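S.K.: the following block contains a protein sequence and its predicted model.
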Amino acid sequence: MPSPAPRDAPAGDSPTDASLTLLRIPGATQQDADTFWLTRVYQGDRMPQLTLRAVALGAGLGVLTCATNLYAGLKTGVAFGVAITAALLASATHGALRRAVPRAAGAPLSLLELGCAQTVASSAGYATGGALVSVQGAWLLTTGHHLPGWTLLAWTFLLSALGVLFAVPLKRQLVDREQLPFASGTAAAATARALHAGGMDARPRLRMLGLGGLVSGVLTLARDGFGRLPYAWAFPGTLGG
């Protein structure tokens, strides 16, 4: 499918209401593109973004996404993108904390704080789901034994450091200047906006997400942790039944 055609940015666009479709950034130089994004898109100087609670929330959820993505990746051999899941979990978790301990949780997360928490949580999931699953699987198939724990830990920290160091120059080139459409990033942005503006309408969906995650976690623990459930059931009249 062809990429969506860029559109001119109207002079009155608000950064929070900006379209998720591509914008034709005026000017041909990198400085012009950077200036446009700083003045028309970036709003970290106008609302909270990199806050302690956003980082703490993302780190706590990162433990969950790290473990679940590693488990699913080693089981299936496929690494999953967890950007949207992390955004949903961040919004639901902070909403639950505000109802349980309103003074400690504080005001609702700003849109950029939600994005910060989602980024921290999804980064942990990507670090294990992508890096460890591929390396561990390839090494095991090649040598017949597992890598030592310290090697896997060093590999994870190295890739994480490279990701942080290359994030800014890659973003400036691929997003600001070349305007490449990233499906996962666009979907995560649309999800974060819907959660931030949805209010009461988003609560039933988040409750169903939490209920589904709880049920799947209990079933997985009963099957793999305690061996109480078989991996498959054979019914009469089917193969093996």
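M.R.: It's in. Numbering: from 1, shown residues only.
S.K.: quick one: the helices in this structure?
M.R.: 30-36, 52-76, 83-100, 102-105, 111-126, 133-143, 149-170, 183-198, 203-220 (DSSP state H).
S.K.: next, the buried residues of the third one.
M.R.: It stands for helix 83-100. Neighbour-count burial for helix 83-100, counted by 16 or more other C-beta atoms under 10 Å, picks out 83-95, 98. For every residue, glycine as well, the C-beta is placed using N, CA and C.
S.K.: got these as JSON lines, with distance to Thr142 columns?
M.R.: As requested, the buried residues of helix 83-100 are exported to JSON lines (distance: C-beta to C-beta, whole Å):
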{"residue": "Ala83", "distance to Thr142": "31"}
{"residue": "Ile84", "distance to Thr142": "33"}
{"residue": "Thr85", "distance to Thr142": "31"}
{"residue": "Ala86", "distance to Thr142": "32"}
{"residue": "Ala87", "distance to Thr142": "36"}
{"residue": "Leu88", "distance to Thr142": "37"}
{"residue": "Leu89", "distance to Thr142": "35"}
{"residue": "Ala90", "distance to Thr142": "38"}
{"residue": "Ser91", "distance to Thr142": "42"}
{"residue": "Ala92", "distance to Thr142": "41"}
{"residue": "Thr93", "distance to Thr142": "40"}
{"residue": "His94", "distance to Thr142": "43"}
{"residue": "Gly95", "distance to Thr142": "46"}
{"residue": "Arg98", "distance to Thr142": "49"}
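S.K.: residues contacting the residue most central in space within the chain?
M.R.: Against the mean C-alpha coordinate of the chain, by C-alpha atoms, centre = their mean, the closest residue is Ala83 at 1.9 Å. With contact taken as C-beta atoms under 8 Å, 6 or more residues apart in numbering, Ala83 is in contact with 118, 122, 184-185, 187-188.
S.K.: in PyMOL, how would I select the buried members of the residues you listed?
M.R.: Buried members of these, identified by 16+ other C-beta under 10 Å, are gathered into one PyMOL selection as follows:
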select buried, resi 118+122+188
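S.K.: using CSV, write out every CA atom in stretch 52-66.
M.R.: What follows is stretch 52-66, C-alpha atoms only, in CSV (Å, rounded to 0.1, in the frame of the first residue of the first chain):
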residue,chain,number,x,y,z
LEU,A,52,9.6,10.7,38.6
ARG,A,53,6.2,9.1,38.8
ALA,A,54,6.1,8.4,35.1
VAL,A,55,9.5,6.8,35.1
ALA,A,56,8.7,4.8,38.3
LEU,A,57,5.4,3.6,36.8
GLY,A,58,7.1,2.6,33.6
ALA,A,59,9.9,0.8,35.4
GLY,A,60,7.4,-1.2,37.5
LEU,A,61,5.4,-2.2,34.4
GLY,A,62,8.7,-2.9,32.6
VAL,A,63,9.3,-5.8,35.0
LEU,A,64,6.0,-7.3,33.9
THR,A,65,6.6,-6.7,30.1
CYS,A,66,10.1,-7.9,30.4
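S.K.: who touches that stretch?
M.R.: With contact meaning C-beta under 8 Å, 6+ apart, stretch 52-66 is reached by 48, 82, 85-86, 89-90, 93-94, 105-106, 109, 113-114, 116-125, 127-128.
S.K.: could you give the number of residues near the closest residue to Leu147 other than its chain neighbours?
M.R.: Leaving aside its chain neighbours, Leu147 sits nearest to Trp139 (5.3 Å; criterion: C-beta to C-beta, 6 or more residues apart in numbering). When counting by other C-beta atoms under 10 Å, one arrives at 15 neighbours for Trp139.
S.K.: for the remainder of this discussion, apply numbering that starts at 14.
M.R.: Sure, I'll start numbering at 14, so the last one becomes Trp152.
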